[in-house]
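Engineer: Following is a predicted model, sequence given first.
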Amino acid sequence: MQLNNCVKSAVIFLLLVFIAPNLASASDENKKIEYYIQMLKDAEPYTGPTDDPPPGPAIAVAEWEPATGVLITYPIQWIIPIELVVEMAEDVEVRSVVADESVMIQALIEYVAAGVDTSNCTFLIAGNATGPYTRDHGPWYIFDGNGEQGIIDNVYTPSGNPDDMVNHQLGDTLGIPVYETGMRTEGGNYMSDGMGIVMNTQWLHIENRGYSPTALDRQHAQYMGVTNHQTVQVSLPHLHIDTCSKFLDPGRILVIIPNGGDPMIDALASHLETLMSSYGRPYEVIRLQGSGYSNTLFLNNKVLVPQFGDPTDSLALVTWQEAMPGYEVHGYYWPTFNYGDALHCRTHEMHDRYMLRIVHLPIHDRENDGSDYYLEAEIHPYSNEALIGPPVIMWKVDGGVYSPTAMSFAGYDLYHGEIPQQPDDTDIYYYIEAEDVSGRVETHPPIGPGNPHHFHVGPDLETPEVVFNPPATLDITEWPCDIMAYALDNRWIETVTLEYSINGVSHGDIDLELTEPFAVYYSGMTAGTVQAGDVIEMRIKAVDTSVNQNTTYSDYQTITIEGVESFTGGLNLVSTSITPNPFNPTTTISYQLSAFSQVSLSVYNISGRKVAELVDGWRDAGSHEAIFDGSGLASGVYLIQLQTDKQVATSKMVLMK
């Protein structure tokens, strides 16, 4: 699908109207927003991917995974402080994108004078000056299904801009294949947990308006192996997700508390706490006071944080250190840093193409059941070198010293092992360590003993938390209805059940299912026949996985059914018909009235939600028709309800695409 000029102009107009109040008090924070909106105005229509996807299944690498370099643009005078270059070159290769050899020589002179370790400096000669945002136009690293590193390249700027060629130049230089997705997006609006979840803001959909959300999900799945693609809603100036939040690991996300407050960012934090993480638990969300501090670079064992000369600078460093124990946390100030464009926008880690990669689902708090504590991990040396000995589980109890337990090979990169059973009320800390012949030594979690996994062993005495607030009334057309309840436990939920009665008569229990992508919302559909005036009593029962099966019941909630009873008498309504049925995408609803009547003709989905109102007003006696267009709806069963002042008739129709 292509974004035609009319639609594109409308999108730009809406964006400008939306951000005008913010731009009125112009600040550096908004310059990048203006830049990207100009890019969108100049953008060519979407034409689809230009490269086939990599061999699958692909893996989208997380930022905290092993890196051998960092990509920046030179000259750096208005981009980053030279002290940051010194810091990064202590540990990894700093690759500077320069226009030509003369600029490269200029860079070397400046680097030497500042004390940069130039033995760790390399250059990419682009042939033209490029922009400062290596995070945005730089590579997204993957591993393909054959175990080879690849670079994902998206459309960054209007064609012809040298920024959009950097990934191909980098791939050619390093011998890494580059895969063009055709999506228009930036690296600052992308974060991966390394286990199949990727997040971005709604800006991705604005930039790709001719591209459906389903198609965007498919692109992420095919090119990056993404199994759970989350698009979150944020306020301006947080076009990019890295200006307000950041994955710390697969189970935790940092979200800022912007200066002056921001209800949409608060709502984002609350929303993230309800989602299922790759660790099989709801996300732990850590809030950080102040704007811009999520725009931070992870570089192996270092966390490099922007500073803005604000009173919250020192608090931000403390928060980062508390969130990332064992890491070196360093702050860097630069006059051009602002809340929407700082350190993370202008630097890009370059992942180790031969990394020793460990994937592990941590043990959560548990009860003793007489067995040791089993765990497993996938360990893959992308160097294709053998492991030196078996991987080990390094574990200890609180206050103790680490002891090693060797893991056993189970095939296909899978290793397993056990931590010996401990007495109740014991806190256990552990990490997994592996080494290969290439000399790489890695741990999970990455910082190992500085920030180990932790779980508690002991009886579970806590009952689940349940929240259930159904509506006090339902229209008869909204029955049967979809029921949703919130349930959360300190360990995990075994079952969530709806118990309900109609006019005092029990209708049994309905098992509610966990609703993807959430970790706390359970849903199911009611059953039974109701009439106007019926009273329904409901409550939720949640049982956890403990030996005691700790149980919580919500309070009983009462729902009253409203509406006019449906019957087939021949007063105002004579007949209705739907032709064709099934249909795609339009059908005609014909109806005949015997008298002048007030008519409501509406369409509902199977969950009882109104999706269209076709007629609402007075109609003469006689035959009438209404056209229903289901182009924007999914295939399925829909209910057409025709209501006069005295009667209601409901019929089913099937949209079959």
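Structural biologist: The structure has been received and is ready for your questions.
Engineer: Okay, now the unreliable bits of the stretch 451-600 of the chain?
Structural biologist: 564-575 (pLDDT under 70).
Engineer: So which residues of it form strands?
Structural biologist: Ranges of strands in the stretch 451-600 of the chain, per DSSP state E, counting those that start in this stretch, are 453-457, 465-467, 473-475, 482-488, 493-502, 505-514, 521-525, 535-544, 551-553, 557-562, 573-579, 586-593, 597-605.
Engineer: Which strand residues bridge residue 431?
Structural biologist: residue 394 (DSSP bridges).
Engineer: So for it, what's the pLDDT?
Structural biologist: Model confidence at residue 431, expressed as pLDDT, equals 99.
Engineer: my guess is it meets residue 446, correct?
Structural biologist: No: applying CB atoms under 8 Å, one finds residue 431 not in contact with residue 446, separated by 9.2 Å. Just so you know, the C-beta spots here come from the backbone N, C-alpha and C atoms, and that holds for glycine as well.
Engineer: who has more neighbours, those two?
Structural biologist: The residue with more neighbours, out of residue 431 and residue 446, is residue 431; 24 against 21, by other CB atoms under 10 Å.
Engineer: so who does that one touch?
Structural biologist: Listed by CB atoms under 8 Å, 6 or more residues apart in numbering, the contact set of residue 431 reads 393, 394, 443, 444, 445, 448, 449, 452, 453.
Engineer: any idea how far it lies from residue 267?
Structural biologist: As for residue 431, its distance to residue 267 is 35 Å (criterion: CB to CB, to the nearest Å).
Engineer: in the chain, which helix or strand is least confident?
Structural biologist: helix 5-24 (a mean of 36; mean pLDDT, DSSP states H and E).
Engineer: Check the spacing between residue 523 and residue 551 real quick.
Structural biologist: Counting by CB to CB, the gap between residue 523 and residue 551 amounts to 20 Å.
Engineer: Am I right that residue 363 is in a strand?
Structural biologist: No: looking at residue 363 with DSSP: H, G, I helix; E, B strand; the rest coil, it is coil, so not inside a strand.
Engineer: Use 91 as the first number from now on
Structural biologist: Sure, I'll start numbering at 91, so the last one becomes residue 453.
Engineer: Quick check: nearest residue in space to it, chain neighbours excluded?
Structural biologist: Closest residue to residue 453 apart from its sequence neighbours, by CB to CB, 6 or more residues apart in numbering: residue 545 at 4.7 Å.
Engineer: so who does that neighbour touch?
Structural biologist: Counted by CB under 8 Å, 6+ apart, residue 545 has contacts 452, 453, 454, 455, 456, 463, 517, 518.
Engineer: Would you tell me which one of the residues you listed comes nearest to residue 712?
Structural biologist: Nearest to residue 712 among the contacts of residue 545, counting by CB to CB, is residue 454 at 67.2 Å.
Engineer: which ones are touching the closest one?
Structural biologist: The neighbours of residue 454, taking CB under 8 Å, 6+ apart as the test, are 370, 371, 545, 581, 582.
Engineer: how about 6 Å then?
Structural biologist: residue 545 (CB atoms under 6 Å, 6 or more residues apart in numbering).
Engineer: Quickly note the distance from it to residue 548.
Structural biologist: On the measure of CB to CB, residue 454 and residue 548 end up 13 Å apart.
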